[in-house]
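Participant: pasting the structure only:
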Ligand SMILES: Cc1cc2nc3c(=O)[nH]c(=O)nc-3n(C[C@H](O)[C@H](O)[C@H](O)COP(=O)(O)OP(=O)(O)OC[C@H]3O[C@@H](n4cnc5c(N)ncnc54)[C@H](O)[C@@H]3O)c2cc1C
Ligand SMILES: Cc1cc2nc3c(=O)[nH]c(=O)nc-3n(C[C@H](O)[C@H](O)[C@H](O)COP(=O)(O)OP(=O)(O)OC[C@H]3O[C@@H](n4cnc5c(N)ncnc54)[C@H](O)[C@@H]3O)c2cc1C
């Protein structure tokens, strides 16, 4: 299986992170990946580059500057008005050209709708491997990228390599990697490269963009506190108990997959491998067994509190605080306890 | 109009069990189903056919028993089914899979008429990469529309299609030219119940079964394990956390235990109480 890396791939050096910019704003997953890419680059003793594709203007300039602030040594920049809104044709052509010209050994993208659309096209054009939705990245003794991701169905993880091809590509979901600290730094080396395309080359046209309404935006992935309910809550009415606790805490609420399948909560509330990955300071899971597909979505939480009637539930293998009790009865008590403790009136009394 | 829908047969993986000693996946006796995401693609294709006329061909690459999924698709109303099966395909990653499927689609085009639209699901429930759709599109030089939530307009005469596509932070309305590859978003339609006529037809239908060679694949080195740049090196169980959870058993739940938990939480995360108090005042 493992052969000597073909000669023409030996020139491939450096770690790249595709910096995703939407309507002038950098997707936070790009910073998370710069943080992770920094570690890989340091282990390999190579440069970390941010790759920015966008229209001339403030948003793109900002993305370049932020790439440095989050750890990049240099930035590859492709500036063209054709790159204003995401379309597969110009972006896949642009990124493929950059790879073929500057030859990175590792290329990381966020597993967003944009990143997945783009990564699949670019990897196919380059005829290289692409590992999807990784939860862990590491550099091996022989300097290969070891990309780990959950495997289907069972409680297992697998480590995937792209041994004899370059670049080694991987997508990583938002919130899986830690957000690195931002360090103000001057803009460093920027390598500009033109997009060899004109509008007439692009068949697909964007007729409109309808932004999600503010109220539709569920900010689970970036919430500080998340409360979630599972099948153990037993009935659709009991979803209200989860929402009540979330409200008392100013938190977001979510659920396990079966809850979505039953139609008790909408799909954007699902947490886990096929839902959102979260990284809150506090995660409260009620009536959730803790299957691996759920676990991989919540493991980044600072404190995991699990409420489950079964003291052998797998969730207690990774929770920090476990409560063996009936969540349907306990959630209202907990909501009340938080409200009591947090109400200004009571705090004044405590202080007085 | 000719539409090809790619479907994958997958284990009904909610029922998969892991061997407690060897940590390997126990597949024996696990029932298989059509990848649930692919049903949204199939239904979208059937609706377009019902409206505009034409035929729908379903295609799968898999072991001979994947025929079951194709027959199921026929009961829903697909017109023709193609099974791509060969030992050379074993161990394919997404690059090798999209190569084989793209070749088969080309062969389907030669044999039954060039497809105007190729559909795939958004992703599968086993491999779960969402990479095969874009892979086929690039190989077949089809324009690519992923995460499509609605097919707004299809103008066959002008060869144009208008769709709504889920993007980051909103919905893009896009127009492009046929032929296209569409990956359909979940929850965008509901699979019809097949008719009795379709069920009878499906039971008797001949499934077009092709080997690599039949599909016109000359270079089998591009298939299966050998055609796959990714290599699965290691499969393992996630490590149990070394520090066990602090367990509190309460029967029944009382006000005191709730207060105790709140105290434990506030004790466990530095600064969170102050932040919450502040937040509470602004709520
Ligand atoms: C490919 C694939 C992808 C998947 N993706 C996801 C995903 O993204 N997210 C996800 O969550 N799942 C996902 N799943 C499903 C996952 O395998 C589990 O089936 C699911 O997480 C279980 O949900 P649950 O914990 O709510 O239900 P169950 O497993 O049924 O657990 C219910 C729990 O509630 C407890 N309970 C019962 N009554 C009470 C009570 N009164 N009070 C307190 N506790 C009680 C029970 O002891 C049990 O532990 C996926 C599965 C597959 C195959
Ligand atoms: C646990 C696990 C992890 C894996 N990780 C990777 C990885 O990171 N990178 C990688 O390259 N490969 C990976 N593979 C291999 C990959 O699953 C196979 O290549 C598979 O044949 C197709 O990928 P998918 O299931 O992810 O499909 P997706 O890309 O998620 O499927 C999208 C759509 O393509 C169509 N489609 C997919 N497969 C077929 C088929 N056989 N026949 C007809 N239509 C099909 C369906 O319409 C489907 O909805 C992994 C496999 C497993 C089991």
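Facilitator: That came through fine. Quick caveat: nothing in here was measured; it's all calculated off a predicted structure. Ligands and ions are numbered 1, 2, ... in the order given.
Participant: every contact and neighbour count from this point should use C-alpha atoms.
Facilitator: Fine.
Participant: in chain B, what secondary structure element scores lowest on mean pLDDT?
Facilitator: In chain B, the helix or strand scored least confidently by mean pLDDT, DSSP states H and E is strand B:17-18, which has a mean of 60.
Participant: what segments of chain B are helices?
Facilitator: B:36-52, B:67-76, B:94-112, B:132-140, B:196-204, B:255-268, B:272-282 (DSSP state H).
Participant: and what of the stretch 251-352 of chain A?
Facilitator: Here the stretch 251-352 of chain A has its helices, by DSSP state H, counting those that start in this stretch, at A:257-261, A:292-298, A:327-342, A:344-351.
Participant: beta partners of the residue lying closest to residue B:175 once chain neighbours are set aside?
Facilitator: Nearest non-adjacent residue to residue B:175, counting by Cα to Cα, 6 or more residues apart in numbering or on different chains: residue B:162, 4.3 Å away. Beta-bridge pairing of residue B:162 under DSSP bridges involves residue B:153, residue B:175.
Participant: tell me the centre residue of chain A?
Facilitator: Among the residues of chain A, the one closest to the centroid is residue A:174, at 1.0 Å (Cα atoms, centre = their mean).
Participant: dump the residue contacts of that one.
Facilitator: Residues in contact with residue A:174 (Cα atoms under 8 Å, 6 or more residues apart in numbering or on different chains) are A:28-29, A:32, A:110-112, A:221, A:277.
Participant: quick one: low-confidence parts of the stretch 151-300 of chain A?
Facilitator: Within the stretch 151-300 of chain A, the stretches with pLDDT under 70 are A:152-155, A:214-217.
Participant: for ligand 2, what's its nearest residue on it.
Facilitator: residue A:151 (3.5 Å; Cα to the nearest ligand atom).
Participant: what's the neighbour count on the nearest residue to that residue once chain neighbours are set aside?
Facilitator: The shortest distance from residue A:151 to any non-neighbouring residue, by Cα to Cα, 6+ apart, is to residue A:157 (5.2 Å). Using other Cα atoms under 10 Å in any protein chain shown, residue A:157 has 21 other residues around it.
Participant: now do the one 3 residues further on
Facilitator: The number of residues packed near residue A:160 is 24, by other Cα under 10 Å.
Participant: tell me the SS of it?
Facilitator: Here residue A:160 is recorded as strand under DSSP: H, G, I helix; E, B strand; the rest coil.
Participant: same check, this time on residue A:169
Facilitator: Per three-state DSSP, residue A:169 ends up strand.
Participant: hmm, residue A:167 and residue A:145 touching each other?
Facilitator: No: under the criterion of Cα atoms under 8 Å, residue A:145 makes no contact with residue A:167, lying 10.0 Å away.
Participant: comparing the two, which shows the higher neighbour count?
Facilitator: Between residue A:145 and residue A:167, counting by other Cα under 10 Å, residue A:167 is the more crowded of the two (29 against 24).
Participant: so how many other residues sit close to the closest residue to that one other than its chain neighbours?
Facilitator: Sequence neighbours aside, residue A:105 is the residue nearest to residue A:167 in space, at 4.5 Å (criterion: Cα to Cα, 6+ apart). When neighbours are defined as other Cα under 10 Å, residue A:105 has 22 of them.
Participant: I'd guessed residue A:105 sits against residue A:164; true?
Facilitator: No: between residue A:105 and residue A:164 there is no contact under Cα under 8 Å: 11.1 Å.
Participant: quick one: the helix or strand residue A:93 falls within to chain centroid distance?
Facilitator: Using DSSP states H and E, residue A:93 sits within helix A:88-102. With Cα atoms, centre = their mean, to the nearest Å as the basis, helix A:88-102 stands 23 Å off its chain's centre.
Participant: which residues touch the residue nearest to residue A:147 when sequence neighbours are not counted?
Facilitator: Ranked by Cα to Cα, 6+ apart and with sequence neighbours excluded, the top spatial neighbour of residue A:147 is residue A:137, at 4.8 Å. Residue A:137 is in contact with A:36, A:145-148, counting by Cα under 8 Å, 6+ apart.
Participant: which one of those sits closest to ligand 1?
Facilitator: residue A:148 (16.2 Å).
Participant: pull the contacting residues for that closest one.
Facilitator: Applying Cα under 8 Å, 6+ apart to residue A:148 gives the contacts A:134-137, A:157-160.
Participant: next one: residue B:276
Facilitator: Residue B:276 sits next to A:249-250, A:342 when contact means Cα under 8 Å, 6+ apart.
Participant: go with 6 Å
Facilitator: Applying Cα atoms under 6 Å, 6 or more residues apart in numbering or on different chains to residue B:276 gives no contacts.
Participant: with residue A:319 instead?
Facilitator: Counted by Cα under 6 Å, 6+ apart, residue A:319 has contacts A:304-305, B:245.
Participant: tally of neighbours for residue A:120?
Facilitator: Quick note: residue A:120 (other Cα under 10 Å) scores 29 neighbours.
Participant: state the distance from it to residue B:67.
Facilitator: According to Cα to Cα, to the nearest Å, residue A:120 stands 28 Å off from residue B:67.
Participant: where along the stretch 1-150 of chain A do the strands fall?
Facilitator: Here the stretch 1-150 of chain A has its strands, by DSSP state E, counting those that start in this stretch, at A:15-19, A:21-22, A:25-26, A:48-54, A:74-79, A:106-110, A:130-134, A:136-139, A:145-150.
Participant: adding mean pLDDT, write those strands out as JSON lines.
Facilitator: Shown next, in JSON lines, are those (pLDDT from 0 to 100):
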{"stretch": "strand A:15-19", "mean pLDDT": "98"}
{"stretch": "strand A:21-22", "mean pLDDT": "94"}
{"stretch": "strand A:25-26", "mean pLDDT": "95"}
{"stretch": "strand A:48-54", "mean pLDDT": "98"}
{"stretch": "strand A:74-79", "mean pLDDT": "98"}
{"stretch": "strand A:106-110", "mean pLDDT": "98"}
{"stretch": "strand A:130-134", "mean pLDDT": "95"}
{"stretch": "strand A:136-139", "mean pLDDT": "96"}
{"stretch": "strand A:145-150", "mean pLDDT": "93"}
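Participant: tabulate those (CSV), appending distance to residue A:292.
Facilitator: Converted to CSV, those look like this (distance: least, Cα to Cα, whole Å):
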stretch, distance to residue A:292
strand A:15-19, 28
strand A:21-22, 32
strand A:25-26, 31
strand A:48-54, 32
strand A:74-79, 37
strand A:106-110, 22
strand A:130-134, 14
strand A:136-139, 15
strand A:145-150, 8
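Participant: domain ranges for the chain?
Facilitator: This is for chain A. In terms of domains, chain A is parsed into A:7-201, A:215-351 (source: automatic domain parsing).
Participant: not quite, I wanted chain B
Facilitator: Taken from automatic domain parsing, chain B resolves into B:2-227, B:239-283.
Participant: of all those, which lies closest to residue A:330?
Facilitator: Checking the domains of chain B against residue A:330 by Cα to Cα gives domain B:239-283 as the closest, at 5.5 Å.
Participant: is ligand 1 contacted by the closest one?
Facilitator: No: on the criterion Cα under 6 Å from any ligand atom, domain B:239-283 is out of touch with ligand 1, staying 10.9 Å away.
Participant: quick check: mean pLDDT across that domain?
Facilitator: The average pLDDT for domain B:239-283 rounds to 75.
Participant: how many neighbours does residue 175 have?
Facilitator: Since no chain was named, I'll use chain A. With other Cα under 10 Å as criterion, residue A:175 counts 24.
Participant: looking at chain B here, not the other one
Facilitator: Residue B:175 has 21 nearby residues by other Cα under 10 Å.
Participant: which residues are in contact with it?
Facilitator: If you count contacts by Cα under 6 Å, 6+ apart, residue B:175 has them with A:204-205, B:161-162.
Participant: okay, the helices of chain B, which one's buried deepest?
Facilitator: Across the helices of chain B, the average number of neighbours (mean count of other Cα atoms under 10 Å in any protein chain shown) peaks for helix B:132-140, which reaches a mean of 25.
Participant: what packs against it?
Facilitator: For helix B:132-140, the elements it packs on are helix A:113-126, helix B:94-112, judged by 3 or more Cα pairs under 6 Å, 6 or more residues apart in numbering or on different chains; DSSP states H and E.
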